[in-house]
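Undergrad: sequence unknown, structure follows:
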């Protein structure tokens, strides 16, 4: 069953198509890889899905066919479709726990009636409790009081995912979560992504580290110049000539996480 559908979506900037009549169907419960060369439109796609940009044309449907293109990003996040960014958005002078607690306020639902009912303190207690659970889940419990600015890069990226989880996503869009990581940090993040997925969260991941994408994802969509080039399993993608040409202009596919194709 699909949880997200992108139908005929285009996004133009100054007459140039960053996304061009794109169609994607994401099944509930999968980890879908979105790959492509630089400038293929991957991050623009995430921006359009999450409401950062409005599509120039086309439609986007989320859960039970509800149309979400044109909605505010905050509304889309409230509905359970949440994204991370290439550059982790943290409050650098907040602690790890306070960063995640701040994100929880999206679901706090404070209003004038709760103030009069004396419920705000209770809501805050619940937010802190749930934030602490997320911090522990992401393996950051020992750093809960550390300022975000003092964290190593890998832990900052993990905190970015924790902040997204605080918004209670049903679909999580991860934009290059492994960027700048050491091999050890990458292995740890891959394990964390798997843990998140096991919680029943559908995941879309844009990532340039092809070996990690091939390891994480059972199905991959390849973009090129804003168009859907091909979709398939990792094995199919590694051996697809159009993908090889789009990335390298050669039959050497080692950068795609596979073995070199015999010539």
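TA: Yep, it's here. What you see is a predicted model; the values in this text were computed from it and never measured.
Undergrad: pLDDT weak spots in the stretch 101-250 of the chain?
TA: Of all residues in the stretch 101-250 of the chain, those with pLDDT under 70 make up the ranges 106-120, 248-250.
Undergrad: all the strands of it, residue numbers only.
TA: With strands called from DSSP state E, counting those that start in this stretch, the stretch 101-250 of the chain shows them at 171-175, 202-206, 219-224, 227-232.
Undergrad: out of the ones you listed, nearest to residue 194?
TA: Proximity to residue 194 (Cβ to Cβ) singles out strand 202-206 among those, at 9.5 Å. Heads up, the C-betas are built off the backbone N, CA and C, glycines and all.
Undergrad: now do the closest one: which elements does it pack against?
TA: Strand 202-206 is packed against strand 2-13, strand 16-27, strand 31-35, helix 42-49, strand 171-175, helix 183-197, with contacts defined by 3 or more Cβ pairs under 8 Å, 6 or more residues apart in numbering; DSSP states H and E.
Undergrad: for stretch 71-86, buried residues please.
TA: 71, 76-77, 79-85 (16 or more other Cβ atoms under 10 Å).
Undergrad: out of those residues, list just those in helices.
TA: 76-77 (DSSP state H).
Undergrad: what sits against the residue lying closest to residue 154 once chain neighbours are set aside?
TA: Nearest residue to residue 154 in three dimensions, chain neighbours excluded: residue 185, at 3.3 Å (Cβ to Cβ, 6 or more residues apart in numbering). Counting by Cβ atoms under 8 Å, 6 or more residues apart in numbering, residue 185 touches 152-154, 157, 178.
Undergrad: buried among those? Make that a PyMOL selection.
TA: Those of the contacts of residue 185 that count as buried under 16+ other Cβ under 10 Å are selected in PyMOL with:
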select buried, resi 154+157+178
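Undergrad: save the contacts of residue 185 as CSV, and put in distance to residue 48 too.
TA: Output for those, formatted as CSV (distance: Cβ to Cβ, whole Å):
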residue, distance to residue 48
152, 32
153, 28
154, 29
157, 23
178, 23
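Undergrad: what's the closest of the contacts of residue 185 to residue 12?
TA: Taking the contacts of residue 185 together and measuring to residue 12 by Cβ to Cβ, the closest member is residue 178, at 30.0 Å.
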